[in-house]
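Chemist: Sharing a model prediction with you, sequence too.
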Amino acid sequence: MKKIGLLFLLFFTIPHFSQENKKENPKTKFTNFLANSYYSLNFGGIFYPFSNDHLIDGFATETFSKNRFSGRLLLGHKINEDLSVQFGTMRPASWFKYDNVNNTGYERSVWINAWSLSLKKDFKINNKFNLFAEAGIANVTRFGFSINDQVIYDDAHFASLLYGFGLQYRLSDKWRLSANGTFLPKSTKNNQPSISQATLGFEYHLQQVDDKTAAEYAKNEYFFPKNIFQVSYGTGEIGFGFNQFFGMSLPVGNFDSFGVPIFWVGEVKAQHALSLTYQRLIYRSEKIFSLDWGASATYFQSREGTDVFAFSIFPVLRFYLWRKPTFDFYANYSIIGPAYITKSDIDNSKTGPNITYQDTMGFGVFFGEKREYNFELRIMHYSNGNIFTRNAGVAIPLQFTIGKTF
């Protein structure tokens, strides 16, 4: 499942750091907006009855490859205790495939992706259970396919109604387990069958700490950098194995999809990449988690020699996994960072409009007597999240990063 995180809503809270005096703000309390927000991650089956009827006359296949496994990510904000607004994405883990079209050996995939904006209404049954209903709109993007430059199933980009329902079990004030059903009706105009999804998942609701607890967090000994400046370089000479592994597309033996599906690769591959990055702390927990905002400027050269510049602002989730007297080891993740890229199509691939998104993930350490130095391994990706039909995506190879905290 792609685009995992809390990040879209967090980004829009970046300008609203706190109601407190900035000089005295220890960043140990959420903003009011964040304190009433949550994220939801759900996995299950997706069903869309594609058939030969959706292809142009004269083309058909006897068999189809269907991977039912899918996911849905939602970022929510509570308007009141029982009503929320949600933004999210739904897509399968792998695409529907028409096998051996016209018995010519051609195999072609149909990609489908839906971004949604909806209202969710809760109906409380008791202290543990509640039912909910959801209704909204979805931005549906379909990538069709061609054979020998002839369009067999055309691309589509359209708005659709979305509705759903479900049952939730409250584990605590923070955690809720969910069983969900989500539906998008068919669109005859766009030659698109209906989409149905049934999932199990969870909601995690952010909880504000009280002033006393926030003060205790601020006084503890755990290191959280207020500012970081980083320089990164990557080369395609070492390959894209890390990108492929975290995009579950690494070929290993008889498998061509080894790995974990938490990141992306991209049809366009950068041969060289240089990035300058600045990050600033927004929020920190007691020990493990912090939220930063950042800005970056990246230059990369594609494998065919195209020079491209990209500029982005973005949120960063950082998780401290191992704290020792001489270093702090962490993992970080950043998605849906609005970006401007100077080339809209690269190396004859349709990468989409100039306005796109930047995604990064990495592992690193802060070290030195006062944790004044930083080293990180990072991969990057540029794409528009299948919001548009042109979305080949750009893969930035593993970058070696050095940084300075202050």
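Modeler: Arrived safely.
Chemist: Can you find the helix or strand of the chain with the lowest average pLDDT?
Modeler: Lowest on mean pLDDT, DSSP states H and E among the helices and strands of the chain sits helix 7-11, with a mean of 37.
Chemist: what's the following helix or strand after that one?
Modeler: helix 32-35 (DSSP states H and E).
Chemist: mind listing what's buried in that next one?
Modeler: Going by neighbour count (16 or more other CB atoms under 10 Å), the buried part of helix 32-35 is L34. Glycine gets a C-beta too; all of them are placed from N, C-alpha and C.
Chemist: what about that helix, average pLDDT?
Modeler: For helix 32-35, the mean per-residue pLDDT is 90.
Chemist: now that helix, how far from the centre of its chain.
Modeler: Using CA atoms, centre = their mean, to the nearest Å, we find the averaged C-alpha position of helix 32-35 to lie 21 Å away from the chain's own average C-alpha position.
Chemist: Which residues are in contact with the residue located most distally from the centre of the chain?
Modeler: The outermost residue of the chain relative to its centre, with distances by CA atoms, centre = their mean, is G58 at 38.7 Å. Contacts for G58 were tallied using CB atoms under 8 Å, 6 or more residues apart in numbering; they are N102.
Chemist: residue ranges of the strands in the stretch 251-400 of the chain, please?
Modeler: 255-258, 268-284, 289-302, 307-324, 327-341, 355-367, 373-383, 394-405 (DSSP state E, counting those that start in this stretch).
Chemist: Just give me how far stretch 186-203 sits from the chain centre.
Modeler: Averaged C-alpha coordinates place stretch 186-203 at 20 Å from its chain's average position (CA atoms, centre = their mean).
Chemist: End to end on it, go ahead and measure it.
Modeler: With CA to CA, to the nearest Å applied, stretch 186-203 spans 28 Å between its terminal residues.
Chemist: List the buried residues of that stretch.
Modeler: Taking 16+ other CB under 10 Å as the neighbour-count basis, stretch 186-203 is seen to contain the buried residues 187, 191-193, 195-199, 201-203.
Chemist: Give me the mean pLDDT for it.
Modeler: Within the predicted structure, the mean pLDDT of stretch 186-203 is 97.
Chemist: again, but for stretch 260-275
Modeler: Average pLDDT, stretch 260-275: 93.
Chemist: from the middle of its chain, how far away would that stretch be?
Modeler: Relative to the chain's own centre, stretch 260-275 is displaced by 14 Å; criterion: CA atoms, centre = their mean.
Chemist: Kindly check the end-to-end length of that stretch for me.
Modeler: Using CA to CA, the span of stretch 260-275 from its first residue to its last is 26 Å.
Chemist: In that stretch, which residues are buried?
Modeler: Along stretch 260-275, these residues count as buried under the neighbour rule (16+ other CB under 10 Å): 261-273, 275.
Chemist: From Q207, how far out is the closest residue in space to G239 that isn't next to it in sequence?
Modeler: With CB to CB, 6 or more residues apart in numbering as the criterion, G239 has its nearest non-adjacent residue at 7.3 Å, and that residue is P397. Here the distance between P397 and Q207 works out to 39 Å (CB to CB, to the nearest Å).
Chemist: who's more crowded, these two?
Modeler: P397 (23 against 11; other CB atoms under 10 Å).
Chemist: The more buried one contacts G234, correct?
Modeler: Yes - in terms of CB atoms under 8 Å, P397 counts as a neighbour of G234; the distance is 4.4 Å.
Chemist: Now for these two: what residues contact both?
Modeler: For the pair P397 and G234, residues contacting each of them under the criterion CB under 8 Å, 6+ apart are 270, 273.
Chemist: Now do the same contact list for the residue nearest to G239.
Modeler: Contact partners of P397, counting by CB under 8 Å, 6+ apart, are 234-236, 238-240, 242-243, 269-270, 273, 379.
Chemist: Could you report the separation of it from R303?
Modeler: In this structure, P397 lies at 11 Å from R303, with CB to CB as the measure.
Chemist: quick one: common contacting residues for the two?
Modeler: Here P397 and R303 share the contacting residues 236, 269-270, scored by CB under 8 Å, 6+ apart.
Chemist: re earlier: out of the contacts of P397, the closest to L281 would be?
Modeler: Checking these against L281 with CB to CB, the nearest one is I379 at 23.0 Å.
Chemist: need the contact list for that closest one.
Modeler: Per CB under 8 Å, 6+ apart, neighbours of I379: 242-243, 246, 263, 360-362, 395-399.
Chemist: how far away is the spatially closest residue to F406 that is not a sequence neighbour from G294?
Modeler: With CB to CB, 6+ apart as the criterion, F406 has its nearest non-adjacent residue at 5.1 Å, and that residue is N227. In this structure, N227 and G294 are separated by 10 Å, where distance is defined by CB to CB.
Chemist: Please apply the same query to N126.
Modeler: Using CB to CB, N126 is found at 44 Å from G294.
Chemist: quick one: which of these two has more around it?
Modeler: G294 (21 against 7).
Chemist: For stretch 212-231, could you pull out the residues that count as buried?
Modeler: 214, 217-218, 224-225, 228, 230.
Chemist: Kindly report the same for stretch 103-111.
Modeler: The neighbour-count check on stretch 103-111 (16+ other CB under 10 Å) flags 106, 108, 110-111 as buried.
Chemist: in the stretch 1-150 of the chain, what spans have low per-residue confidence?
Modeler: Within the stretch 1-150 of the chain, the ranges that satisfy pLDDT under 70 run 1-25.
Chemist: so where do the strands sit in it?
Modeler: Assigned by DSSP E, counting those that start in this stretch, the strands in the stretch 1-150 of the chain fall at 37-47, 63-65, 69-78, 83-92, 96-101, 106-124, 129-143, 145-147, 150-153.
Chemist: nearest to F406, of those strands?
Modeler: The closest of the strands of the stretch 1-150 of the chain to F406 is strand 37-47. By CB to CB, the value is 29.7 Å.
Chemist: and the closest one, how far from the chain's centre?
Modeler: Here strand 37-47 shows a centroid-to-chain-centroid distance of 13 Å under the convention CA atoms, centre = their mean.
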